[in-house]
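Peer 1: Sharing a sequence plus its predicted fold:
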Amino acid sequence: MQIYLNSVVQEILAKTDNLSNYTFILPSKRAGVFLKDELKSSLIQTTILPKIISIEEFIKELSNINSIDTTTLLFEFYHIYKQHALVKEIDSFDQFSTWATILLQDFNEIDRHLIDPKYIFGYLKDIKRLEELLKGEQKTELIKNRFRFFEKLETYYTAFYKHLLEKKVGYQGLQYREAVDNIHFFINNITETKIVFVGFNALNKAEEKIFQELLNSGIATIYWDIDSSYYNSNHSASSFIKKYHKNWAYYKNNPLNWMTDSFSSKKNIKIIGTPKNTSQIKYAGEVLATLHNTTENYKNTALVLADESLLTSTLNSLPKDVKNVNITMGYELKDISLANLFEALFKLHINNKKDKFYYKNLLSVLNHSQINVLFNKINLLRKLSLKISTYNYTYITKPDLLKLSKDHLQEFELISFLFDNWNDNAPIAIDNCIKLIIIIQEKATLNQLEKEYVYRFYTIFQQLSNLNTTFGYITDIKTLYQFYKQLLQNEKLSFKGEPLSGLQIMGMLETRVLDFKNLIITSVNEGILPASKSDNSFIPFDIKKEVGLPTYQEKDAIFSYHFFRLLQRAENIYLIYNTEADVYGSGEQSRFLTQLEILKENEIEKFVVSPKVNKTKNKLKQLLKNKTLLRSLKQLAERGFSPTTLTTYILNPFEFYKQKILKIREVEEVEETIAANTLGTIIHKTLEVLYIPFIGKYLTEGAIKIMKTKVSDEVKKWFIKEYGNNITSGKNLLIYKVAHQFIDNFLTQEIALIRQGKQTKIIALEHDLETSITIEGLNFPIHLKGQADRIDEVDGVIRIIDYKTGKVTQPQLIIKNWDLLTSDYKYSKSFQVLFYALLYTQMNTIDLDSTQLESGIISFKNLKSRFLKVNKNNVSKDDLDNFTIQLKQLILEIFDTEKRIMEKETPFT
């Protein structure tokens with residue numbers, strides 16, 4: 001397989017064997033490593049290698065301007081902005097940064113393409129004037145400010161350019177413009193050096209100027225890499241090189257080096273559609289596994305990630321036989337666990353309300369792995385999290401935390417500074433973050449890689465500290481958080497490895513000038529390759545086209561070249577795309593694949609794969625009743641079966657086993673908004689307090705009206721006691737008002753009952769009921785217990801009432817088939833009220849032939865239905881006889897050793 005770099009080396013060596021005065025300039029540093037390897041492989045005798053640099057390094061040398069990072073650049077620009085903007089119109093640094101980054105990108109493009117700043121900024125200003133005239137809008141202060149902003153652009157640009165030149169630093173565009181100004185001086189003073197440009201395609205105007213000057217002076221030669229298959233057609237991949245060949249004066253007397261015919265050679269191309277990103281990576285791993293037998297340690301094999309965010313998934317999906325891997329992309333620091341900790345810490349303080357921390361933000365910090373490793377010998381943080389849930393803190397102060405940590409106060413002091421009030425003060429926040437990093441570095445047991453992570457985060461906060469010390473523009477935490485994220489976004493942890501051996505995992509731009517026999521490219525989707533048409537700029541599209549600035553069209557052509565050039569010399573090509581609409585919103589294959597299908601119609605195999613989904617049958621759990629389990633059941637029977645216990649068994653015997661035998665409960669969580677059971681407790685307690693003075697008495701309208709005046713205070717009291725005092729806003733305030741309204745409506749209904757002439761006497765409230773029964777086949781008594789919310793007497797009829805805050809309707813209390821009472825959970829409410837009726841009649845030796853008894857529910861969400869009686873009638877002796885039969889059968893089933901405890905497949909489990 002003839003590769004491009006080898007061809008360049010052979011061409012140069014055919015002309016000279018002395019390379020010491022040569023300088024090779026390539027699109028990237030990575031390409032230089034491979035070129036150096038080709039030179040070493042091709043040289044016969046010992047010699048001094050030529051200078052090999054990237055285009056960025058060459059421009060830096062030529063311009064004599066040092067690079068500046070984007071964050072520092074923003075600070076420097078704000079310094080200039082404040083000097084030239086009207087004092088009353090100066091944006092805060094936070095506001096400024098939202099538009100200044102876009103403007104700096106425009107400055108960069110203007111300089112890279114040698115656009116006259118006076119012309120383009122004047123053009124922009126005139127366009128805005130015309131827009132206002134044509135729209136005929138009234139000139140509001142906002143419109144005036146916008147116009148003044150565009151009037152100031154040239155001033156900002158000129159002053160900023162001058163400021164950076166004085167400091168000998170600059171963004172890339174400034175370096176290019178200065179390099180162009182210095183090119184003649186460079187040419188006149190260079191001695192015997194030969195420059196070789198290798199592997200370029202799309203040049204900016206500054207590069208075009210520099211390249212042409214060097215070519216025309218005879219100092220430089222250039223080697224393109226273009227294939228005749230798309231050069232001789234109207235293919236976008238050849239648009240730039242074709243333009244240079246046509247327009248450059250150099251090519252009037254010199255041939256184009258080189259045009260090859262590699263793309264037309266026979267290739268094994270597979271286009272594979274897979275659902276979701278993970279499937280792409282998994283399939284790429286399968287392809288690599290198949291290539292293992294045909295390659296030596298994956299030599300000449302590259303896995304190219306068009307979407308570089310899939311790197312982590314890729315590393316976890318490589319086959320075991322991949323021994324050597326060279327990764328050209330860095331691992332983004334934002335994907336590291338420590339980044340989540342600082343994210344949580346910033347959110348904790350940004351959402352701080354009057355020194356109170358929101359519990360979810362607090363738990364995110366306390367439960368973070370990097371904090372937990374500081375307390376690996378004690379369960380301090382776990383206990384603290386449980387206490388926050390137990391005491392239902394929605395917002396919590398530092399004194400509260402210290403109080404909850406009193407058993408391990410000395411240990412907690414290690415991190416207690418994290419919960420000091422930052423007072424919206426950026427320097428305090430930076431100092432605390434650096435302090436935390438130092439503690440983690442000193443106290444935690446870290447491996448070498450983790451130490452590198454920690455150090456990189458230290459440098460980020462140190463840089464923020466230095467910038468703020470120099471400029472003082474970061475005054476509040478939100479602005480600090482914004483710049484922390486910006487720095488984090490640009491920080492990557494480089495992988496160390498042997499770049500010339502094993503599998504190559506690369507981003508698309510890193511493939512420039514490189515060739516591989518086996519090629520796998522993932523995420524070949526529209527919107528990724530090429531990228532979507534997002535173009536943040538203050539310069540409109542039509543102006544860019546007129547003055548020669550690049551638009552999305554040129555960017556598409558650049559990626560078209562990279563994609564098709566990479567395929568030129570490859571033999572086995574696997575192109576994988578996502579068939580599902582994911583975060584980019586498109587499951588469409590890239591247009592490059594469609595073009596390839598036309599160019600290589602007979603060499604492509606196209607198919608869609610999907611992961612094998614093995615249907616797993618949910619095997620329901622079951623338990624034999626051994627002696628230990630029977631002993632536990634007997635103990636439960638001695639303590640007493642409640643209706644809730646028995647209906648839990650009806651719903652799901654296995655859940656009954658977990659809750660009542662194993663005592664397993666769901667982990668308590670903070671109730672951010674009041675749960676239904678908490679609301680029920682508040683209503684029950686309030687009604688109990690209101691009605692207690694009237695036990696044994698008949699209710700009167702006056703008494704109910706007095707109760708109504710006490711509702712608000714009682715609801716608030718029980719609300720605070722059961723939940724906390726967070727009822728001042730949001731959903732909790734609404735739920736508080738709902739509880740108040742429920743009780744008020746109920747009391748209004750009580751008054752209506754009295755006005756109808758009904759005499760209501762309160763017999764008992766929250767009344768404990770219990771009895772024992774014997775069951776044939778069991779040699780021990782069964783204890784039954786329950787608690788009736790209210791027992792009263794209305795016109796001589798005894799009523800056993802259960803309050804429900806949820807909605808209950810009359811059909812739920814109709815028993816159509818007694819045999820289903822203990823097997824179908826939908827009869828659970830009927831079961832409960834009949835259970836109470838049985839206990840009450842047995843405790844009080846009531847003869848239902850002579851005493852009228854009703855048992856039922858008052859539903860606060862269905863008060864219009866009033867008292868809902870079981871079977872819409874009085875409880876009869878037959879009703880209790882039928883119920884007792886079903887109850888005994890249910891208890892016998894619980895103790896039946898032949899019947900296992902079976903899990904039920906229900907929507908509730």
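Peer 2: Looks like it arrived, so ask away.

Peer 1: Sort out which residues of stretch 257-267 are buried, please.
Peer 2: By neighbour count with 16 or more other CB atoms under 10 Å, stretch 257-267 contains the buried residues 259-260, 262-263, 267. C-betas here are computed from N, CA, C, even on glycine.

Peer 1: got the contact list for that stretch?
Peer 2: Applying CB atoms under 8 Å, 6 or more residues apart in numbering, the contact partners of stretch 257-267 are 2, 7, 11, 221-231, 564, 567-573, 599-600, 603.

Peer 1: Assign Ile272 to helix, strand or coil.
Peer 2: For Ile272, the assignment made with DSSP: H, G, I helix; E, B strand; the rest coil gives strand.

Peer 1: ok, so of the buried residues of stretch 257-267, who is nearest Val870?
Peer 2: Lys267 (79.2 Å; CB to CB).

Peer 1: what about the closest one, distance to Asn293?
Peer 2: 20 Å (CB to CB, to the nearest Å).

Peer 1: ditto for Asn352
Peer 2: In this view, Asn352 and Asn293 are 60 Å apart by CB to CB.

Peer 1: okay, these two: which has more neighbours?
Peer 2: Neighbours were counted for Asn352 and for Asn293 using other CB atoms under 10 Å; Asn352 has more, 20 against 7.

Peer 1: list the contacts for the more buried one?
Peer 2: Counted by CB under 8 Å, 6+ apart, Asn352 has contacts 358, 421-422.

Peer 1: between those, which is nearest Glu638?
Peer 2: Once CB to CB is applied, the member of the contacts of Asn352 that ends up nearest Glu638 is Tyr358, at 46.0 Å.

Peer 1: Run a quick neighbour tally on that closest one.
Peer 2: Neighbours around Tyr358, by other CB under 10 Å: 19.

Peer 1: correct me, but it touches Asn351?
Peer 2: Yes - under the criterion of CB atoms under 8 Å, Tyr358 makes contact with Asn351 at 5.0 Å.

Peer 1: can I get the buried residues of stretch 257-267 in TSV with secondary structure and pLDDT?
Peer 2: Formatted as TSV, these follow (DSSP: H, G, I helix; E, B strand; the rest coil; pLDDT from 0 to 100):
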residue	secondary structure	pLDDT
Met259	strand	89
Thr260	strand	91
Ser262	coil	92
Phe263	coil	93
Lys267	coil	94
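
Peer 1: Where does Leu549 fall, secondary structure wise?
Peer 2: For Leu549, there is no helix or strand it lies in under DSSP states H and E.

Peer 1: could you measure it against Leu74, distance?
Peer 2: On the measure of CB to CB, Leu549 and Leu74 end up 22 Å apart.

Peer 1: cool, Asn216 as well?
Peer 2: From Asn216 to Leu74 the distance is 39 Å (CB to CB).

Peer 1: Compare neighbour counts for those two and give me the winner.
Peer 2: More neighbours surround Leu74 than the other of Asn216 and Leu74, with 22 against 14 (other CB under 10 Å).

Peer 1: So what touches the strand or helix carrying that one?
Peer 2: Per DSSP H and E: Leu74 is located in helix 70-84. Under the contact criterion CB under 8 Å, 6+ apart, helix 70-84 has outside partners 68, 90, 93, 96-97, 100-101, 104, 152, 155-156, 159-160, 163-164, 167, 171, 463, 467, 470-471, 473, 483, 486-487, 490.

Peer 1: swap the cut-off to 6 Å and go again
Peer 2: Helix 70-84 has contacts (CB atoms under 6 Å, 6 or more residues apart in numbering) with 90, 93, 96-97, 100, 155, 159-160, 163, 171, 467, 471, 473, 486-487.

Peer 1: And the furthest pair within those residues?
Peer 2: Between any two of the contacts of helix 70-84, the greatest separation by CB to CB is 28.9 Å, found for Thr155 and Leu487.

Peer 1: In terms of packing, which of the two has more residues around it?
Peer 2: The residue with more neighbours, out of Thr155 and Leu487, is Leu487; 19 against 15, by other CB under 10 Å.

Peer 1: In a strand, that one, correct?
Peer 2: No - counting by three-state DSSP, Leu487 is not found in a strand; it is helix.

Peer 1: That one against Gln462, yeah?
Peer 2: No - checked against CB atoms under 6 Å, the pair Leu487 and Gln462 is beyond contact range at 10.6 Å.

Peer 1: Pull the number of nearby residues for the nearest residue to Asp431 once chain neighbours are set aside.
Peer 2: Nearest non-adjacent residue to Asp431, counting by CB to CB, 6 or more residues apart in numbering: Ser465, 7.8 Å away. For Ser465, the neighbour count with other CB under 10 Å is 17.

Peer 1: So what does Ser465 look like in phi/psi?
Peer 2: Backbone torsions of Ser465, given as degrees, to the nearest 10, read phi -60, psi -40.

Peer 1: Kindly report the same for Lys323.
Peer 2: Lys323 adopts backbone torsions of phi -90, psi -40, taken as degrees, to the nearest 10.

Peer 1: Okay, it and Leu449: tell me how far apart.
Peer 2: Separation of Lys323 from Leu449 (CB to CB): 19 Å.

Peer 1: Can you pull out the low-pLDDT segments for the stretch 301-450 of the chain?
Peer 2: Within the stretch 301-450 of the chain, the stretches with pLDDT under 70 are 376-378, 392.

Peer 1: Now do the strand or helix carrying Asp181: which elements does it pack against?
Peer 2: Applying DSSP H and E as the criterion places Asp181 in helix 172-189. For helix 172-189, the packing partners by 3 or more CB pairs under 6 Å, 6 or more residues apart in numbering; DSSP states H and E come out as helix 55-63, helix 93-112, helix 205-216.

Peer 1: what's the closest of those helices to Asp542?
Peer 2: Closest among these, using CB to CB: helix 93-112, at 15.1 Å.

Peer 1: if you average pLDDT over that closest one, what comes out?
Peer 2: Taken as a whole, helix 93-112 has an average pLDDT of 93.

Peer 1: just stretch 516-534 next, same as before
Peer 2: pLDDT averaged over stretch 516-534 gives 90.

Peer 1: where does the protein have its least confident helix or strand?
Peer 2: Within the chain, no helix or strand scores below helix 380-390, which has a mean of 78 by mean pLDDT, DSSP states H and E.

Peer 1: Show me which residues of that helix are buried.
Peer 2: Buried residues in helix 380-390 (16+ other CB under 10 Å): 380-381, 384-385, 387-389.

Peer 1: right, and the residue nearest to Asp431 touches Ile430 too?
Peer 2: Yes - using CB under 6 Å, Ser465 is in contact with Ile430, at 4.9 Å.
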